[in-house]
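Provided below are the primary sequence and the corresponding predicted coordinates.
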Number of protein chains: 2
Amino acid sequence: MIPTIEWDGQYVRMIDQRKLPSRIEWYVCRGYRDVIKAIEKMVIRGAPAIGVAAAMGLALGGFSIKTKSTAAFMDKFKKMGQKMLLARPTAVNLRWAVERMVGLVERMKTDPVDEIKSALKEESEKILAEDIEINRRMGLNGQELVPAKATILTHCNAGSLATGGYGTALGVIRAAHEKGKKIKVIADETRPWLQGLRLTAFELMEDGIPVSVIADNAAGSLMRQGMIDVVVTGADRIAANGDVANKIGTYQVAVLAKANKIPFYVAAPISTIDQTTRNGDMIPVEERGGDEIFRFGKKRIGPEGVSVLNPAFDITPAKYVSAIITEKKVIRPPFGRGIKALLP
Amino acid sequence: MIPTIEWDGQYVRMIDQRKLPSRIEWYVCRGYRDVIKAIEKMVIRGAPAIGVAAAMGLALGGFSIKTKSTAAFMDKFKKMGQKMLLARPTAVNLRWAVERMVGLVERMKTDPVDEIKSALKEESEKILAEDIEINRRMGLNGQELVPAKATILTHCNAGSLATGGYGTALGVIRAAHEKGKKIKVIADETRPWLQGLRLTAFELMEDGIPVSVIADNAAGSLMRQGMIDVVVTGADRIAANGDVANKIGTYQVAVLAKANKIPFYVAAPISTIDQTTRNGDMIPVEERGGDEIFRFGKKRIGPEGVSVLNPAFDITPAKYVSAIITEKKVIRPPFGRGIKALLP
């Protein structure tokens, strides 16, 4: 499996997900601004992967601060953190990672700057390693919900490429497969960015897990025909009441699953749960440029001057979610209570 | 407005819808086989337009039959009709048009072949003219269901380009606009073939009706946010019980409309209603090639060798349909009774 992101000696490099699967190209970030740009432009995407990238980006940023004063360092570092937070608004893992890195600097306020810099790099590597471990535990918890023989629909890419590795929703699928369950996957292609076609299908084919891609438009019809047993997706942010922000189209899949009596599971690390957000309608939803829809590559497909609405995420109300799979446990409704019990 | 299809002196020509909106190119059919190919390859698409094309194609076919014997002519003509029927399986208007043309030949069985040939051409022109007139009447009936100020979601292209002219679903929208109603349209881009982005947006922009395109994935989220007042789509076949076969994704839109208490209307000529099909699950649904999904133009987007499911249509059970708008009247549930009352 290709690593999503890693330290490459001095710098941070990530697989350029805009080019996959046609080309496997490294995108090298030499400073924290490169990482912000990579997140904005979707060189790297997926809530947990964005968290790891933000942490590594801030560690890079730390190295670039020229001062011996810890107080001055902290001041500059926090400003970098503020800028990092603006890269993308919806996934809360970005904020979580920034807060963790800033917290580390605050705890080291009596230490020399060079030690803080090294500690930041180590912390970012720890976040990456932890994320992979968390996904494996999440996978083990989640696979228990998967029947011995099942066709699983997933939306977008909540796989290795969306995380430090292994994946959230695809982690559940991988774990079920590793347990010897007979799994087939239906991957929504996931317009406009085609994460399902380009990334999910690619990852699963590499792993030898049977996968077929469909237009997002076909998901409901397959459900109605009894061809889907389980739905699993990731999440970009989960509100305190269990409402889920995830890739645009997730809400539709959830409503259709309910209409067809199919369980709809969300797999996400605890760092995706945002207890400060009371419900889904308080989650900021990023609106992206229309060219994601009316262009393919450089070629314009739509009519000249066409108006486009392109929200990148949507909100799935908790009532459509059958369970939230985390690394600690599977949370069942009512989610408000379950989340409160799980988190400090 | 560009004509969808027309007689061009000797031959039949149609706008090549695969090229729109980037290029406006005529596709000239010199014989009935050219028309079959044009229907198969989606040079022309949309149930009513396919009906018109089939009629014109058979008229072309008639001219190519070299015999003075009416009996021999009829025999060859019926064989052409059988071949025409196989071009695409779902839209019933194709069968309707073939039966109408064969019926004409049967009624003229004592007439000379040359007269039959001319009559076939005239009949195909009549089917085209009638279709436009039917759409105008459908539009007038349907616009009464549209509030004075409304945002209307439509899926695929049920417009001028899907018909002889004016459109079914877009006919309703055009009629509401012509009545001075304040209409905005949200067009699903409609993967995989992007009829919404390429054709619906193009048609409405030409007419000065405000339109925004969305990824199909965003329709549900806009509904949930109260941004859609009405949904109108066309149909490829309506079963005797009111179940509707239409472009893949229509079922999803209908389920989401119901979940969000938004009326879901289907606009279709009576020739789209198939009383011999008891319910939707008896309608054959065409499966098209996977390259519609994993390629854009010649460029492969998905991973090498990816498996794809690509049903071109889906079935919307009658319980999700608020009304069926026809040229004669608006049919309300229960549709079985309404359809029986309307048709001989």
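Nice, thanks for sending it over.

host element of A:I209?
Using DSSP states H and E, A:I209 sits within no helix or strand.

same question, A:Y27
With DSSP H and E as the criterion, A:Y27 is inside strand A:26-29.

any idea of the mean pLDDT in that strand?
Across strand A:26-29, pLDDT averages out at 98.

Give me the residues contacting the very next helix or strand once past that strand.
As assigned by DSSP H and E, the chain's next helix or strand after strand A:26-29 is helix A:32-40. For helix A:32-40, contacts defined as CB atoms under 8 Å, 6 or more residues apart in numbering or on different chains pick out A:12, A:14, A:27-29, A:43-45, A:50, A:53-54, A:56-58, A:60-61, A:64, A:80, A:83-84, A:86-88, A:94. Placement of C-beta: from N, CA and C, glycine included.

do the helix or strand hosting A:Y265 and chain B meet?
Remark: A:Y265 resides in strand A:264-267, with elements defined by DSSP H and E. No - judged by CB under 8 Å from any CB of the partner chain, strand A:264-267 makes no contact with chain B; its nearest approach is 13.5 Å.

Tell me the strands beside that strand, with direction?
Paired strands of strand A:264-267, with direction, are strand A:230-233 (parallel), strand A:323-325 (parallel) (DSSP bridges).

Just put those strands in CSV and tack on mean pLDDT.
Shown next, in CSV, are the strands paired with strand A:264-267 (pLDDT from 0 to 100):
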stretch, mean pLDDT
strand A:230-233, 98
strand A:323-325, 98
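
Including distance to B:R18, could those go into a markdown table?
Shown next, in a markdown table, are the strands paired with strand A:264-267 (distance: least, CB to CB, whole Å):
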| stretch | distance to B:R18 |
| --- | --- |
| strand A:230-233 | 34 |
| strand A:323-325 | 44 |
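
export those strands to JSON lines and tack on mean neighbour count and distance to B:R332?
As requested, the strands paired with strand A:264-267 are exported to JSON lines (neighbours: other CB atoms under 10 Å in any protein chain shown; distance: least, CB to CB, whole Å):
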{"stretch": "strand A:230-233", "mean neighbour count": "26", "distance to B:R332": "34"}
{"stretch": "strand A:323-325", "mean neighbour count": "26", "distance to B:R332": "40"}
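
do you know which of those lies nearest B:T277?
B:T277 lies closest, by CB to CB, to one member of the strands paired with strand A:264-267: strand A:230-233, at 30.8 Å.

residues making contact with the closest one?
With CB under 8 Å, 6+ apart as the criterion, strand A:230-233 contacts A:142, A:145-147, A:150-156, A:158, A:169, A:172-173, A:246-247, A:250, A:253-254, A:257, A:262-267, A:325.

and with 6 Å instead?
By CB atoms under 6 Å, 6 or more residues apart in numbering or on different chains, the surrounding residues in contact with strand A:230-233 are A:146, A:150, A:152-155, A:169, A:172, A:246, A:250, A:253, A:257, A:263-267.

among the residues you listed, which are in strands?
A:150, A:152-154, A:246, A:264-267 (DSSP state E).

what's the farthest-apart pair in the residues you listed?
Among those, A:A150 and A:N246 lie farthest apart (CB to CB), at 20.9 Å.

out of the two, which sits in the more crowded spot?
Higher neighbour count among A:A150 and A:N246: A:N246, with 29 against 17, using other CB atoms under 10 Å in any protein chain shown.

which ones are touching the more buried one?
Per CB under 6 Å, 6+ apart, neighbours of A:N246: A:233, A:235-236.

ok, now with 8 Å
A:155-156, A:233-236, A:266, A:313-314, A:316.

Let's see the pLDDT reported for it.
pLDDT, read off for A:N246, is 98.

On the three-state scheme, the closest residue to chain B within the stretch 1-150 of chain A is what?
The nearest approach of the stretch 1-150 of chain A to chain B comes at A:P21, 4.3 Å away (CB to the nearest CB). Classification of A:P21 by DSSP: H, G, I helix; E, B strand; the rest coil places it in coil.

Count the residues that sit near it.
With other CB under 10 Å as criterion, A:P21 counts 20.

Equivalent analysis for A:G103, please.
A:G103 has 11 nearby residues by other CB under 10 Å.

Quickly find the element holding it.
Judged by DSSP H and E, A:G103 forms part of helix A:93-107.

Can you tell me which helices and strands the helix or strand that that helix is followed by packs against?
Counting by DSSP H and E, the next helix or strand C-terminal to helix A:93-107 is helix A:113-143. Packed against helix A:113-143 by the contact rule (3 or more CB pairs under 8 Å, 6 or more residues apart in numbering or on different chains; DSSP states H and E) you find strand A:5-8, helix A:47-64, helix A:70-85, helix A:93-107, helix A:169-178, strand A:264-267, strand A:323-325.

In CSV, please show the C-alpha coordinates belonging to the fifth one.
What that stands for is helix A:169-178. In CSV, the C-alpha atoms belonging to helix A:169-178 read as follows (Å, rounded to 0.1, in the frame of the first residue of the first chain):
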residue,chain,number,x,y,z
ALA,A,169,-14.9,2.8,6.3
LEU,A,170,-12.5,0.9,4.1
GLY,A,171,-10.8,-0.2,7.4
VAL,A,172,-14.0,-1.9,8.4
ILE,A,173,-14.2,-3.5,4.9
ARG,A,174,-10.6,-4.6,5.1
ALA,A,175,-11.0,-6.1,8.6
ALA,A,176,-14.1,-8.0,7.5
HIS,A,177,-12.2,-9.3,4.5
GLU,A,178,-9.2,-10.3,6.7
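
between that helix and strand A:149-154, how big is the angle?
Calculated by axes from the mean of the first three to the mean of the last three CA atoms, to 10 degrees, helix A:169-178 forms an angle of 170 degrees with strand A:149-154.

what's next to helix A:169-178, contact-wise?
A:135-136, A:138-140, A:142-143, A:145-146, A:150, A:152, A:154, A:157-160, A:162-163, A:166-167, A:183, A:185, A:200, A:203-204, A:207, A:209, A:232-234, A:265-267, A:325.

For ChimeraX, write a command that selects the buried ones of the residues you listed.
Of the contacts of helix A:169-178, the buried ones go into a single ChimeraX selection, burial set by 16 or more other CB atoms under 10 Å in any protein chain shown:
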select /A:135,136,138,139,140,142,143,145,146,150,152,154,157,158,159,160,162,163,166,167,183,185,200,203,204,207,209,232,233,234,265,266,267,325
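
Could I get the pLDDT score of A:K184?
98.

before we move on, the earlier item: contacts for the helix holding A:G103?
With CB under 8 Å, 6+ apart, helix A:93-107 has contacts from A:39, A:47-48, A:50-52, A:54-55, A:58-59, A:62, A:73-74, A:77-78, A:81, A:84-85, A:87-88, A:116, A:119-120, A:123-124, A:127, A:236, A:269, A:271-272, A:274.

Out of the residues you listed, which end up buried?
Using 16+ other CB under 10 Å, the buried ones in those are A:39, A:47-48, A:50-52, A:54-55, A:58-59, A:62, A:73-74, A:77, A:81, A:84-85, A:87-88, A:116, A:119-120, A:123-124, A:127, A:236, A:269, A:271-272, A:274.

could you dump the helices and strands packed on helix A:113-143 to TSV with distance to B:M227?
Formatted as TSV, those follow (distance: least, CB to CB, whole Å):
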stretch	distance to B:M227
strand A:5-8	37
helix A:47-64	26
helix A:70-85	28
helix A:93-107	27
helix A:169-178	28
strand A:264-267	23
strand A:323-325	28
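
nearest to B:D291, of these?
Per CB to CB, nearest to B:D291 of those: helix A:169-178, 25.3 Å.

how distant is that closest one from the center of its chain?
16 Å (CA atoms, centre = their mean, to the nearest Å).

Stretch A:187-198 now?
For stretch A:187-198, the distance to the chain centre is 14 Å (CA atoms, centre = their mean).

what are the C-alpha coordinates of that stretch, in CSV please?
C-alpha atoms of stretch A:187-198 as CSV (Å, rounded to 0.1, in the frame of the first residue of the first chain):
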residue,chain,number,x,y,z
ALA,A,187,-18.2,2.1,-4.7
ASP,A,188,-20.2,5.2,-5.5
GLU,A,189,-18.0,7.1,-8.0
THR,A,190,-18.6,10.2,-5.9
ARG,A,191,-18.9,13.2,-8.1
PRO,A,192,-17.6,15.8,-8.6
TRP,A,193,-14.2,14.7,-7.5
LEU,A,194,-14.6,11.0,-8.2
GLN,A,195,-12.9,9.7,-5.0
GLY,A,196,-14.8,6.5,-5.3
LEU,A,197,-13.8,5.8,-8.9
ARG,A,198,-10.3,7.0,-8.6
